[in-house]
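Novice: I would like the atomic coordinates for the input below:
(2 chains)
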Amino acid sequence: MKAELVFLGKRVDMAPRTHRQTMVILIYAGLAALMTAFWLLDRWHTSGVYMIFATIIINRLFFGGYNYGGLIKPFNSRAPRTHIDPPPFLVLGLRLYRPEPDERDYRNDERELAQRDHAHYRAYQAISVVLVVVWFLCSLRLTMPRLTSFLPISADALMYGLTLAATVTALTLPQAILLWTEPDMPDFEPEN
Amino acid sequence: MPENTKAKDAAGESGLYNRISVLRAERGVSRQQLADALQVNYQTIGFLERGDYSPSLKLAFGLSEFFDLPIEVIFSTRPFQPLSEQVYGKSRQAPANLAKEQS
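Specialist: Prediction:
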């Protein structure tokens, strides 16, 4: 895990656990607000997919885990792709050069791998609960459709919302658990 | 060194006591240098020193080889005896008590 987040050119110290916990709360509050806004906008008919895009951007900028950006190193410990030749975006004038990565920035050591596995185990349990709720709703709808008619929103919309929330959670929860549970990071000691 | 004393006194979440910070300070090795030698993150060295992480056997042997000491000298399930007590048989005394004794 990186101890520092660079956001809009500003360096934010993420070594204290409280800073990371605040960030996790703010991000999930933002995602919940966005999901509510999309519901009010068009009942997720077309905007639902934008929740997935928002989640991918959040992972890229803050959480990490699946790519080179964000606080958590890539879960697969693979080096990011680098271009030997100038990248195709150069033609478009978009200077998307990426500095040659240091092995420390993407390789997880044994402690990080253990923490990663534990975070996935806990996230898996939480997501399973949502899946059970979705299954239960589907089952009610099939066997006792009258019961679901009392819901303030249609059962289909509710199931879609729950599935969307579960997908967003599945993409972000392991990283959030890591950021939430990792203790304050030891200070960096410059080389003697 | 307050940090060393803290690391020595507290087993942390792992329940394992260690002397890594003392040995590192003794040999003038930074966390980064030790981390590079053991191929781990410097933060892992910090977590090990604080007792927040139990190392694998491979890492424990790596530390043992690096410091050229047996594993039981570096790690223990019981608090380590202070060096002064171990070598000179003296227990810890507050500086005020020492000054009284000397006068």
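
Novice: show me what from chain B comes close to chain A.
Specialist: Residues of chain B lying close to chain A (CB under 8 Å from any CB of the partner chain) are B:13, B:28-33, B:39-47, B:49-50, B:52-53, B:55-56, B:58-59. Quick note: C-beta positions are derived from backbone N, CA and C, even for glycine.

Novice: of those residues, grab the buried ones for PyMOL.
Specialist: Buried members of these, defined by 16 or more other CB atoms under 10 Å in any protein chain shown, are picked up in PyMOL with:
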select buried, chain B and resi 29+30+31+32+33+40+41+42+43+44+45+46+47+49+50+52+53+55+59
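
Novice: the residues of chain B next to chain A in helices, which ones?
Specialist: Judged by DSSP state H, helices contain the following of the residues of chain B next to chain A: B:31-33, B:42-47, B:49-50, B:58-59.

Novice: out of the helices and strands in chain A, which is least certain?
Specialist: helix A:145-148 (a mean of 79; mean pLDDT, DSSP states H and E).

Novice: in the following helix or strand past it, what's buried?
Specialist: Sequence order places helix A:155-181 as the next helix or strand after helix A:145-148, per DSSP states H and E. Buried residues in helix A:155-181, counted by 16+ other CB under 10 Å: A:155, A:158-161, A:164-179.

Novice: is helix A:155-181 positioned near chain B?
Specialist: No. Using CB under 8 Å from any CB, helix A:155-181 never reaches chain B; the gap is at least 10.9 Å.

Novice: now that helix, how far from the centre of its chain.
Specialist: 9 Å (CA atoms, centre = their mean, to the nearest Å).

Novice: please report the distance of the residue nearest to residue A:162 when sequence neighbours are not counted from chain B.
Specialist: Once flanking residues are discounted, residue A:162 sits nearest to residue A:134: 5.1 Å by CB to CB, 6 or more residues apart in numbering or on different chains. Using CB to the nearest CB, to the nearest Å, residue A:134 is found at 36 Å from chain B.

Novice: residue A:134: what's it in contact with?
Specialist: Contacts here follow CB atoms under 8 Å, 6 or more residues apart in numbering or on different chains; on that basis residue A:134 touches A:159, A:162, A:163, A:166.

Novice: kindly recompute the last result at 7 Å.
Specialist: Contacts for residue A:134 (CB atoms under 7 Å, 6 or more residues apart in numbering or on different chains) come out as A:159, A:162, A:163.

Novice: same question for residue A:46.
Specialist: Per CB under 7 Å, 6+ apart, neighbours of residue A:46: none.

Novice: need the three-state assignment for it.
Specialist: coil (DSSP: H, G, I helix; E, B strand; the rest coil).

Novice: for the record, mean pLDDT for stretch A:7-20?
Specialist: Here stretch A:7-20 scores 88 as its mean pLDDT.

Novice: list the buried residues in that stretch.
Specialist: Per 16+ other CB under 10 Å, stretch A:7-20 contains these buried residues: A:14, A:15, A:19, A:20.

Novice: what about stretch A:159-174, average pLDDT?
Specialist: 93.

Novice: now do that stretch: everything it contacts.
Specialist: Outside stretch A:159-174, the residues touching it (CB under 7 Å, 6+ apart) are A:31, A:35, A:44, A:48, A:51-52, A:55, A:58-59, A:63, A:65, A:119-120, A:123, A:126-127, A:130-131, A:133-134, A:137-138.

Novice: buried members of these into ChimeraX, please.
Specialist: To isolate the buried ones among the contacts of stretch A:159-174 in ChimeraX, judged by 16+ other CB under 10 Å, type:
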select /A:31,35,44,48,51,55,58,59,63,65,119,120,123,127,130,134,137
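
Novice: in helices, which of the contacts of stretch A:159-174 appear?
Specialist: A:31, A:35, A:48, A:51-52, A:55, A:58, A:119-120, A:123, A:126-127, A:130-131, A:133-134, A:137-138.

Novice: center of chain B - which residue?
Specialist: residue B:19 (1.7 Å; CA atoms, centre = their mean).

Novice: from residue A:111, how far out is that one?
Specialist: The gap separating residue B:19 from residue A:111 is 19 Å, by CB to CB, to the nearest Å.

Novice: what do you get for residue A:5?
Specialist: 21 Å.

Novice: got it, and residue B:46?
Specialist: 10 Å.

Novice: may I have the phi/psi pair for residue B:41?
Specialist: Main-chain torsions, residue B:41, degrees, to the nearest 10: phi -80, psi 150.
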